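[1] Dropping the sequence and predicted coords here.
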Protein chains: 2
Amino acid sequence: MKRREFLSKAGVAASGAVAATALASPAIAQANPEIKWRLTSSFPKSLDTLYGGAEYFAKRVADLTDNKFQLQVFAAGEIVPGLQAADAVTAGTVEMCQTASYYYWGKEPTFAFGSAMPFGLNTRGQNAWWFHGGGEKLMNDFYAKHKIYAVVAGNTGAQMGGFFRNEVKTVADLKGLKFRIGGFGGKVFSKVGVVPTSIAGGDIYPALEKGAIDGAEWVGPYDDEKLGFHKIAKNYYYPGWWEGTSMNHMFINLDKWNSLPKTYQAALQTAGSDTLAWMLAKYDQGNPAALKRMLAQGVQLKSFSEEILDACLKAADETYAEMGTGSADFKKVWEHYKAFRADQFLWQQLTEYTMDSYMMIQQRKQKL
Amino acid sequence: MKRREFLSKAGVAASGAVAATALASPAIAQANPEIKWRLTSSFPKSLDTLYGGAEYFAKRVADLTDNKFQLQVFAAGEIVPGLQAADAVTAGTVEMCQTASYYYWGKEPTFAFGSAMPFGLNTRGQNAWWFHGGGEKLMNDFYAKHKIYAVVAGNTGAQMGGFFRNEVKTVADLKGLKFRIGGFGGKVFSKVGVVPTSIAGGDIYPALEKGAIDGAEWVGPYDDEKLGFHKIAKNYYYPGWWEGTSMNHMFINLDKWNSLPKTYQAALQTAGSDTLAWMLAKYDQGNPAALKRMLAQGVQLKSFSEEILDACLKAADETYAEMGTGSADFKKVWEHYKAFRADQFLWQQLTEYTMDSYMMIQQRKQKL
């Protein structure tokens, strides 16, 4: 399907009644009205790439509309707590938010597909699924039930597996391990014996320091370094199998979305794609230097063992089966996503992967 | 550096004189003037993802400007031959074009960095370099010498290595091999004995059929299938080491760029990022199915041997050294790009690559 096809008709993602509202919107009366919205972020200001993406996004929307469409950006907790951002959009308390869809998997597991699935698509695959594979339509049909319209506005890329006080080599090593982890991944990890805890960013360091937790994952080198976990826990694991990608979005109140002139809808969409490129590039640019600095401070890179990955993949599949039993939406999206995933890795293993493999070997040989 | 920092000030990419012109531009008099530009593409209409990207881009710009900024899209050859698109922009014959920067490496080798370098950055790395690594500024400083301002507007991802009548296992097998190849890669290939020929898309099939050439590369499964090479030459090689990514751009006449209101400059930039996401996703979505269809018709997938890749990497390094001797611009950009490349592959080999490796193994085991 064509990416924007269903977007180009007023409010098609929603019901016919909403579409009718959109046709009678102020767009016809005035093409470029002055509008001021509040944009609450799920992220703190210290995350200058995630939260910074919201500021960049707002600036691009202003640039596109001659400053007539203004988005006032608030960090997590300033007006709405970070993990309640989507609820505030649903309720119409704020017009929009910047968030990670999987934060809301406890409300309805289908939310997870918007960000990242454990052992799911990588970033290229997630984009392909969203923009051309039918993912955008599936997810916006789902989000509409929560009065939300979603626009992609960033990605961190694959995340790291986090810092562990002690080495974890086998599934037995995971039993009873208290691990700070966000989102859906904790649910899967608990099936293999991990005790997942969800602690906000600022509280993780002290919890790790006093031994209340045995390990913690956050994002990747650029953000992780700032939180300083590596000063306490030296084992830095990869891959972060629960986040092989991590897409984030602007969630917009559906009525507010439908009330916008089409030019402003296009401004939000294209500013979103622009922020997607900006954010991922900023992480990819910043991560290597942060990684090298942490390695110089004695951080040990460790790969999760095949035994652990196999057990977690099995646990993920069991989780998806359970979720599908409880949610028809989850089942529908999962079956679509799963078929897409197999095709993506079939294709990517050829020229992309072989080329990357060759180049990484040359990098290690210092031939680059 | 911040991605758009230098863009947000009028015409800073160019000289002070040009900046002064921009300040006196019609932008101040009228924020949303009606403008109609001609956009000539280097690609034929049959490439519905590359050329289709130009049409998508034009539609997004119209959406963003309430149809006031109209781009009339022409396929290669309709008003300007495909490989002369940039010259037409420099001369001001057309206001802008959609093209691959490396088409013009013969004019000045520095053009190659805009698209793809043999054994260069992959797509994630090229985006990181362009948007945050300083690449955009370096390249737009260079393009300004040709009166061009470039906006990223697409990527094909890593390309395939093309179809060969006979197997090529060793460097000796390459001697005298007549191979159709576009861009800078042919120059490198010629150092290891290949006789590169540049033939336009529509003429490749008959040349291959009558034996005038021994092989041909084009893009990847989705586009290659349409040209039908697999009906004649069954050996489909990977990786396409000369195009580990293939970024394309809108080249805009610099004076025309500087004359635009800032809202329209922002429209071109964000529509470009939106088209980048659209195009890459469309290729990634379409490639797996095309690959499977060709495999069902007897196509044999073959990886270039390490011997061949090593010889070509050596040839590429020699080529870059030669180019640097002849062009100060090339030397400057190459040194910047080279350091960035080593860091990118250092970082990517960790969580991204390990996760992909695990998933690809599961895909082969049919566990996905």
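    Sure, I can see it.
[2] What segments of the stretch 151-300 of chain A are helices?
    All helices of the stretch 151-300 of chain A, identified by DSSP state H, counting those that start in this stretch, fall at A:185-190, A:201-209, A:221-227, A:254-259, A:262-296.
[3] closest one to chain B among those helices?
    Chain B lies closest to helix A:262-296 among the helices of the stretch 151-300 of chain A, at 3.7 Å (CB to the nearest CB). Where you see a C-beta, it was placed from the backbone N, CA and C, and this is true even at glycine.
[4] Who are the packing partners of that closest one?
    With contacts defined as 3 or more CB pairs under 8 Å, 6 or more residues apart in numbering or on different chains; DSSP states H and E, helix A:262-296 has these neighbours: helix A:50-64, strand A:148-155, helix A:221-227, strand A:247-253, helix B:50-64, helix B:123-131, helix B:262-296, helix B:328-348.
[5] Pick the most deeply packed of those.
    Mean neighbour count (mean count of other CB atoms under 10 Å in any protein chain shown) peaks for strand A:247-253 among the helices and strands packed on helix A:262-296, with a mean of 27.
[6] Who are the packing partners of that one?
    helix A:50-64, helix A:85-91, strand A:96-99, helix A:123-131, strand A:148-155, helix A:262-296.
[7] residues touching the closest residue to residue A:291 other than its chain neighbours, list them.
    Closest residue to residue A:291 apart from its sequence neighbours, by CB to CB, 6 or more residues apart in numbering or on different chains: residue A:221 at 4.1 Å. By CB atoms under 8 Å, 6 or more residues apart in numbering or on different chains, the contact set of residue A:221 is A:160, A:286-288, A:290-291, A:294, B:347.
[8] In TSV, list the residues you listed along with distance to residue A:126 and pLDDT.
    As requested, those are arranged in TSV below (distance: CB to CB, whole Å; pLDDT from 0 to 100):
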residue	distance to residue A:126	pLDDT
A:160	18	98
A:286	21	98
A:287	18	98
A:288	22	98
A:290	23	98
A:291	23	98
A:294	27	98
B:347	19	97
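[9] Give me the pLDDT for residue A:22.
    On the pLDDT scale, residue A:22 is placed at 41.
[10] Does residue A:353 lie in a helix or a strand, and which?
    If you go by DSSP states H and E, residue A:353 is part of helix A:351-364.
[11] could you give me the average pLDDT of that helix?
    Helix A:351-364 comes out at a mean pLDDT of 97.
[12] hmm, it touching chain B?
    Yes. Under the criterion of CB under 8 Å from any CB of the partner chain, chain B is reached by helix A:351-364 at A:351-360, A:362-364.
[13] List the buried residues in that helix.
    A:351-360, A:362-363 (16 or more other CB atoms under 10 Å in any protein chain shown).
[14] which stretches of the stretch 1-150 of chain A have low pLDDT?
    For the stretch 1-150 of chain A, the stretches with pLDDT under 70 are A:1-31.
[15] got the residues of it near chain B?
    Residues of the stretch 1-150 of chain A lying near chain B (CB under 8 Å from any CB): A:3-4, A:8, A:31-32, A:60, A:63-66, A:119, A:122-125, A:127-133.
[16] coming back round to it: TSV for the helices of the stretch 151-300 of chain A, including distance to residue B:86?
    Formatted as TSV, these follow (distance: least, CB to CB, whole Å):
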stretch	distance to residue B:86
helix A:185-190	47
helix A:201-209	47
helix A:221-227	36
helix A:254-259	39
helix A:262-296	23
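[17] Least reliable of these by average pLDDT, please.
    Mean pLDDT per stretch puts helix A:201-209 lowest among the helices of the stretch 151-300 of chain A, at a mean of 91.
[18] And the contacts of it?
    Under the criterion CB under 8 Å, 6+ apart, residues A:44, A:46-47, A:163, A:165, A:180, A:199, A:213, A:215-216, A:218, A:227-229, A:232-233 lie in contact with helix A:201-209.
[19] Check stretch A:77-89 too.
    So stretch A:77-89 is contacted by A:38, A:40-44, A:74, A:76, A:93-99, A:101, A:103-104, A:146-148, A:200, A:251-253 (CB under 8 Å, 6+ apart).
[20] from the chain's centre, how far out does the helix or strand harbouring residue A:311 sit?
    Of the helices and strands defined by DSSP H and E, residue A:311 is found in helix A:306-326. Between the centre of helix A:306-326 and the centre of its chain there are 20 Å (CA atoms, centre = their mean, to the nearest Å).
[21] Going by neighbour count, list what's buried in that helix.
    Using 16+ other CB under 10 Å as the test for burial, helix A:306-326 gives A:308-309, A:311-313, A:315-317, A:319-320, A:323-324.
[22] near chain B too, which of those residues?
    Within the buried residues of helix A:306-326, those near chain B by CB under 8 Å from any CB are A:309, A:313.
[23] closest to chain B among the buried residues of helix A:306-326?
    Within these, the smallest distance to chain B is 5.7 Å, found for residue A:309 (CB to the nearest CB).
[24] What sits closest to the closest one if chain neighbours are left out?
    residue B:358 (5.7 Å).
[25] How about residue A:295: what's its closest non-neighbour residue?
    The shortest distance from residue A:295 to any non-neighbouring residue, by CB to CB, 6+ apart, is to residue A:301 (7.4 Å).
[26] Tell me how many other residues surround the one you found.
    Look at residue A:301: counted by other CB atoms under 10 Å in any protein chain shown, it has 14 neighbours.
[27] Doesn't it belong to a helix?
    No. Using DSSP: H, G, I helix; E, B strand; the rest coil, the assignment for residue A:301 is strand, not a helix.
[28] can you pull up the bridge partners for it?
    residue A:236 (DSSP bridges).
[29] That one reaches residue B:351, doesn't it?
    No. Residue A:301 is beyond contact range of residue B:351, at 9.9 Å (criterion: CB atoms under 8 Å).
[30] Pull up the overlap in contacts between those two.
    residue A:238.
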